[in-house]
Structures are given as structure tokens and as C-alpha cells.
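> I'd like to go over a predicted model; first the sequence, then the structure.
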Amino acid sequence: MWGLIAQGVKCTDCGLSVHKQCCKQIPQDCMPDKRLIKRVYGIDLTTLVKAHNTTRPMVVDMCIKEIESRGMDIEGIYRVPGMLDDVDYIQHSFDNDNENAKIGPVDVSDINAVAGAFKLFLRQLPIPLIPFELYEKFMNAAKITNEHERSDSIYNATKELHSIKQAHYQTLKCVTDHLRR
């Protein structure tokens with residue numbers, strides 16, 4: 001379409017192109033096209049979850065599974081950095097092969113690299129795991145000294161996260177369950 005750049009907009013998730021005047025009539029809840037998502041790192045959680053029809057990104061599930069299978073007895077698993085080449089290999093493996101990424105012990109011997117790749121995935125999210133609009137609520141809840149009030153406040157913030165960003169809620173729940181083990 002000639003002149004679309006100057007006259008319209010294109011959705012980065014589903015690829016729909018519309019005139020600027022018409023974009024207000026298009027529903028905001030589109031279904032991302034898997035072919036248009038060229039990578040996994042640096043992509044919004046909601047987009048990844050919708051495109052792959054999952055509750056949370058496969059990077060989260062695969063990295064946590066690998067860390068729990070061979071890294072739970074390693075001291076400082078998230079503190080000690082992995083080899084940068086291995087972390088880059090894992091990132092490219094997820095970006096190119098998605099759920100077929102090879103991160104097992106044969107492919108990546110350093111479990112700290114898997115933990116580093118997982119941290120990198122979370123760091124590169126365009127909208128953080130705890131979204132900007134809820135960050136203050138979570139931080140204020142954590143500062144409450146009364147245990148019962150703190151628990152209620154965290155519950156309310158989590159409930160709000162569940163209602164506005166389902167993918168973030170599911171991912172945060174999975175990560176906190178993992179960190180508790």
C-alpha cells in the first residue's frame with residue numbers, strides 16, 4: 001500500500017495495516033501472528049503468550065525446568081554469572097528455535113549460563129514482570145511491617161496484576177514458586 005507509512009499504522013503483533021482514522025475502530029486485543037514474531041527476547045509477555053497459545057513463555061518454563069533439574073544444589077545459581085558465549089548461544093537458540101531450543105547439559109554444560117539467559121530474558125522485557133503501573137503498590141506492600149496487613153496488600157496487588165496482565169501474573173507466579181524451592 002503506497003503511502004501507508006505516512007497515512008496509517010501497522011500492528012507489530014498481528015501485522016494488520018489500517019488508516020490512521022480507522023485505527024480507533026479496531027479492537028486492541030489482536031491475535032499475534034507467529035510468523036511476524038522473529039525472536040523471543042525483548043518481546044512483551046502478552047504477545048509471546050498469545051502467539052504461542054500458552055500461559056507463560058516457554059523460555060520461563062524451559063529455563064526453570066533445566067535449573068531445577070541440575071542447578072538447585074549449586075551455590076549462588078543466580079549470583080554467579082555464566083559464560084557470556086553460552087548465554088548468547090542460549091538466547092540465539094530461543095530466538096531461532098523457540099520451543100526446540102537446546103539448553104540441556106549436552107548443549108550447555110554451565111548451568112549458570114542457563115540462569116544468566118533466564119535473567120537476561122526478564123531484563124529485556126519491554127514491560128517488566130511487575131508492570132510500571134503496579135510497581136508502587138508492590139513496593140508499598142513490601143514495606144508494611146504488620147505481617148497480616150502486608151499479606152493482604154500483596155494479595156490485592158497480585159489480584160490486580162491477575163486482572164490486567166494475565167501473562168505477567170502467570171509468569172510471576174511461576175518465578176516466585178521456583179525461587180521458593
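Sure thing, it's come through.
> could you pull out the helices for this protein?
Using DSSP state H, the helices of the chain run over 4-7, 45-52, 58-70, 84-97, 111-123, 132-143, 147-164, 166-180.
> Please render the ones you listed as CSV that adds mean neighbour count and mean pLDDT to the earlier fields.
Every residue, glycine included, has its C-beta placed from N, CA and C. As requested, the helices of the chain are exported to CSV (neighbours: other C-beta atoms under 10 Å; pLDDT from 0 to 100):
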stretch, mean neighbour count, mean pLDDT
helix 4-7, 11, 58
helix 45-52, 21, 90
helix 58-70, 18, 96
helix 84-97, 17, 96
helix 111-123, 21, 97
helix 132-143, 13, 96
helix 147-164, 14, 96
helix 166-180, 16, 96
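> right, so of those helices, which gets closest to Arg39?
Arg39 sits nearest to helix 84-97 of all the helices of the chain, at 4.1 Å, using C-beta to C-beta.
> any idea how far Glu149 is from Asp107?
47 Å (C-beta to C-beta, to the nearest Å).
> who's in contact with the residue nearest the centre of the chain?
With distances taken as C-alpha atoms, centre = their mean, the residue of the chain nearest its centroid is Leu45 (4.3 Å). Contact analysis of Leu45 by C-beta atoms under 8 Å, 6 or more residues apart in numbering lists Arg56, Pro57, Leu125, Ile127, Leu129, Lys165, Ala167, His168, Thr171.
> Let's see that with 10 Å instead.
Leu45 sits next to 56-57, 60, 121-122, 125-129, 131, 165-172 when contact means C-beta atoms under 10 Å, 6 or more residues apart in numbering.
> How about it, nearest residue that isn't a chain neighbour?
Ala167 (4.1 Å; C-beta to C-beta, 6 or more residues apart in numbering).
> shouldn't that neighbour be in contact with Asn53?
No. Between Ala167 and Asn53 there is no contact under C-beta atoms under 10 Å: 11.7 Å.
> Identify the residues contacting stretch 71-83?
63-64, 67, 87, 89-90, 108-120, 178-179, 181.
> can you rerun that using 7 Å?
Ile67, Asp110, Ile111, Asn112, Ala113, Ala115, Gly116, Lys119, Arg181 (C-beta atoms under 7 Å, 6 or more residues apart in numbering).
> Closest to Leu161 out of those residues?
Lys119 (20.6 Å).
> now stretch 89-106, how far from the chain's geometric center?
16 Å (C-alpha atoms, centre = their mean, to the nearest Å).
> before we move on, back to that, the residue nearest to Leu45 against Ala51, yeah?
No. Ala167 is beyond contact range of Ala51, at 10.9 Å (criterion: C-beta atoms under 7 Å).
> which residues sit against stretch 120-131?
With contact meaning C-beta under 7 Å, 6+ apart, stretch 120-131 is reached by Tyr41, Gly42, Asp44, Leu45, Val59, Val87, Gln91, Phe138, Lys165, His168, Thr171, Leu172.
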